[in-house]
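>>> sequence first, then the predicted structure:
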Amino acid sequence: MNKRIRIETRGLNFYYGSVSALKDINMEIEENKVTALIGPSGCGKTTFIRTLNRMNDLIPGTRVEGKVLFDGRDIYQKNVDVVELRRKIGMVFQKSNPFPKSIFENVAYGPRLNGIK
């Protein structure tokens, strides 16, 4: 049976300003397989996951080098729809971080983003 690589990183480096947080990460993540990232606090697990859905784009002064491919397509190309990418590559946060809105508005945000009223 052929394995289907869904996400691949090639020479991935990530920086917070001049501080290197990830160095030369090469990884293939297969479709329909469980992949675990294990390590001590502060070792880069969350930073790595955030490079897969471009959540680090929201942090000023960060920089990505190398390639992150999703279904063979480089997610850091300028024409990538980041909202659509995050629909496909989500993450569960350790701590909730709601928008500064009402509970209803926070819960309704996802469906509204997907055109549901």
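Okay, I see it. Numbers count the residues shown, from 1 in each chain.
>>> rounded mean pLDDT for the biggest helix by length in the chain, please.
As assigned by DSSP state H, the longest helix anywhere in the chain is helix 103-113. What helix 103-113 shows for mean pLDDT is 83.
>>> pull the distance from it to the chain's centre.
21 Å (Cα atoms, centre = their mean, to the nearest Å).
>>> output the helix or strand bottoming out on mean pLDDT in the chain in PDB with nothing but the alpha carbons.
Taking mean pLDDT, DSSP states H and E as the measure, the chain has helix 103-113 as its least confident helix or strand, at a mean of 83. What follows is helix 103-113, C-alpha atoms only, in PDB (Å, rounded to 0.1, in the frame of the first residue of the first chain):
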ATOM      1  CA  ILE A 103     -19.700  34.200  24.400                       C
ATOM      2  CA  PHE A 104     -22.400  34.000  21.700                       C
ATOM      3  CA  GLU A 105     -20.200  36.000  19.200                       C
ATOM      4  CA  ASN A 106     -17.200  33.700  20.000                       C
ATOM      5  CA  VAL A 107     -19.200  30.500  19.400                       C
ATOM      6  CA  ALA A 108     -21.000  31.900  16.300                       C
ATOM      7  CA  TYR A 109     -17.700  33.100  14.700                       C
ATOM      8  CA  GLY A 110     -16.700  29.800  13.100                       C
ATOM      9  CA  PRO A 111     -20.100  29.100  11.500                       C
ATOM     10  CA  ARG A 112     -20.400  32.600  10.300                       C
ATOM     11  CA  LEU A 113     -16.900  32.400   8.700                       C
END
